[in-house]
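Q: return a 3D structure for these sequence lines:
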Amino acid sequence: MITCHVKYVIDPYQVAAFESYSRQWIAIVTRLGGHHHGYFSAR
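A: All right, here's what the predicted structure looks like:
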């Protein structure tokens, strides 16, 4: 198992762009046989 921990600093004016990016990334990981556990944010 490989575990990655990435810390993103998100521009508050670009939240919609990050949401789009994250959905695409999850789809890619799933398509390639991986398990993406999502993104967690302290809102």
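Q: quick one, phi psi at Gly34?
A: Phi and psi for Gly34, reported as degrees, to the nearest 10, are phi -90, psi 180.
Q: chain neighbours aside, what residue packs nearest to Ile26?
A: Using C-beta to C-beta, 6 or more residues apart in numbering and skipping the chain neighbours, the partner closest in space to Ile26 is His36 (4.5 Å). Glycine gets a C-beta too; all of them are placed from N, C-alpha and C.
Q: list the residues that contact that neighbour.
A: For His36, the contact set (C-beta atoms under 8 Å, 6 or more residues apart in numbering) comprises Trp25, Ile26, Val29, Thr30.
Q: make it 7 Å
A: By C-beta atoms under 7 Å, 6 or more residues apart in numbering, the contact set of His36 is Ile26, Val29, Thr30.
Q: so what pLDDT did the residue most central in space within the chain get?
A: When C-alpha atoms, centre = their mean is applied to the chain, the residue found nearest the centroid is Ser22 (3.7 Å). pLDDT, Ser22: 88.
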